[in-house]
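Student: Model the structure of this input:
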Amino acid sequence: MSEDTDIIKTKDSSGNPIKTDIGSEPRKIKRKKIALNVLMQMLCAILLFILINYISHGNYHRWDLSSTKKYSVSGDTEAYLKNQLDEKVTLTMAFLKSSKIRNQLKVLLEEYENISGGKIVFDEFDPVINKNKSLEISDRYKTTIDQSCLFIEIGGRIKKLIENDLLDDKGRTFIGEDSITSAMLAATESKPKTVYLIAGKGKLKEVNGRSADKEILSLSTRHFFNLKELTLGNITKIPEDADSLIIINPETDFSLSEVTVLTKYWEQQRGSMVLLLNPATKMPNFYPFLRSLGVRVDNNYRVLFSETTGIGGTQKVYSVQSKLLGGNPITSSDEGAITTFAGQTCPISVAENNEGLASKGIIAVPLLAADLKFWGDLDHTEPYPKRSETDMIPDPNPIYVAAMVEKGGSEDSAIKIESSRMVVIGNSTLLDPIPTRLNVELVMNSINWTLDREERLGINPTNVISFRIDMSPEKYKTLFYLIVCIFPAIAFCFGIAVWSARRN
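Tutor: Below you'll find the predicted structure:
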């Protein structure tokens, strides 16, 4: 075909060429139109790329598919960061790269930053590697960085958490979300929360220097509330700064004047209390006050069950296994979990859905129910356990061992109204050395609820998970060459082959 005319040359059967006219004019390639089309496609592709990234940036979401949910935060923390956090927060993580929780903490803080919608600024560095940054942070916060630590700055107020503050249970449990959210709440509160431990009512069990009051003191440091002691005998009014009272293992009854002081605190000061009661203590002055709130302490009974062994025969078992119930703010996050109370426990009767109490704005709700194999034994002083008609049987109603009471609250959890709050537990050993994680969490959730710190409820710890692969130097060398040299070379050769095939 010539460049001037569109003529196709063919041959006949004799081999002589024959000219055939196809058209008088050649078809021109419209290069400008093709170029414009390609340009428009490129512009559309670039615009689409920009729009996709803009949408993904504004609607960021991460799905946590890990078995331990270590990349997620609780719903309460998420609601706090989105709706209740009003001030700018700076999180500065100064952790050594050798720290076993460094990566887990970094992921958690990045999630805080993403959820907050720009209200949290997160920065991290290694104080050993980045000396200049370490000096800058030390000067800014007027402190020294001699170990891995996290700084939380809100409105000029600074909270410092060291690595041990983010671990519990001898370093096996990561409680980073718990500690960080508590520190943020403490920094944003108008005044520090104050809890009074009622003293002078009996001794607390001590083992190897550990006791319930020292456990409470440790919790107060970790969860940022002030702990003070208070003796009721010489006062006529609970101090104004008391946000909550804790009574642990009372071995004597309150006097009538002391009950009057507690009643005024509950009625007039919007008071809150956490009670860990001793079943063996008779309290004819104090228990009528609890009954008026819909909670009856049946301390004539003991919750137990019988167990037959080959050596000792039939024995009493007082260590009560209790199930955490839902439908309340204190134990709902662990609903269905089983915890064990050491020592003796007495039943707690709860007046649920009582119209008379409801008319006064009082709501009583059970928190824990004993396992169905346990019953309330009236003749618990007998050497051998035996059910009788006078016993409290868990059928048809379960036997409760803990309850909560609120007066003057709102049914809508989104509406915050100052109310009187109380938690009653029919066992005094929850914080005895060495307490279980669930028992400590139950007490701490009870305290936080009485302190109006609902944002702290429902935050569960996670296990510190680390993986280690032992490999010989020869295998490590082989793996290095495979990843760094061989696999990239194979990919490069495959690309060259595809390019060459397309060229041909």
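Student: C-alpha from now on. contacts and neighbour counts both.
Tutor: OK.
Student: Helices along the stretch 151-300 of the chain, start to end?
Tutor: Assigned by DSSP state H, counting those that start in this stretch, the helices in the stretch 151-300 of the chain fall at 176-188, 212-223, 256-268, 287-291.
Student: Nearest to Pro383, out of those helices?
Tutor: helix 287-291 (28.2 Å; CA to CA).
Student: separation between Pro398 and Glu87?
Tutor: From Pro398 across to Glu87, the span is 46 Å (CA to CA, to the nearest Å).
Student: quick one on the thing from earlier: please identify the most buried of the helices of the stretch 151-300 of the chain.
Tutor: Compared across the helices of the stretch 151-300 of the chain, helix 176-188 shows the largest average neighbour count, a mean of 21 (mean count of other CA atoms under 10 Å).
Student: Average pLDDT for that one, rounded please.
Tutor: Taken as a whole, helix 176-188 has a mean pLDDT of 85.
Student: With stretch 315-322 instead?
Tutor: On average, stretch 315-322 scores 87.
Student: Flag every buried residue along it.
Tutor: Buried residues in stretch 315-322, defined by neighbour count with 16 or more other CA atoms under 10 Å: 316-322.
Student: Other residues contacting it?
Tutor: 302-309, 338-345, 368-371, 374, 384-385, 401 (CA atoms under 8 Å, 6 or more residues apart in numbering).
Student: Regarding this structure, what is its longest helix?
Tutor: Ranked by residue count under DSSP state H, the longest helix found in the chain is helix 31-58.
Student: And Pro398 and Glu87? Which one has more around it.
Tutor: More crowded of Pro398 and Glu87, by other CA atoms under 10 Å: Pro398, with 18 against 11.
Student: which ones are touching that one?
Tutor: 369-370, 372.
Student: Neighbour-wise, which one of these leads?
Tutor: Neighbour max across the contacts of Pro398 (other CA under 10 Å) = Ala370, 27 neighbours.
Student: Who is the residue nearest to Tyr400 when sequence neighbours are not counted paired with across the strands?
Tutor: Distances taken as CA to CA, 6 or more residues apart in numbering put Ala369 closest to Tyr400, at 4.3 Å, once the chain neighbours are dropped. When assigned by DSSP bridges, Ala369 has beta-bridge partners Lys323, Tyr400.
Student: For Asp379, see how far away Ala369 is.
Tutor: For Ala369, the distance to Asp379 - CA to CA - is 21 Å.
Student: just Thr77 next, same as before
Tutor: For Thr77 relative to Asp379 (CA to CA), the value is 47 Å.
Student: So if I had to pick from those two, which one is more boxed in?
Tutor: Shown here are Thr77 and Asp379; by other CA under 10 Å, Thr77 has more neighbours (23 against 17).
Student: Who are the contact partners of the residue nearest to the more buried one when sequence neighbours are not counted?
Tutor: Leaving aside its sequence neighbours, Thr77 sits nearest to Glu455 (CA to CA, 6+ apart; 6.1 Å). Counting by CA under 8 Å, 6+ apart, Glu455 touches 76-77, 79-80.
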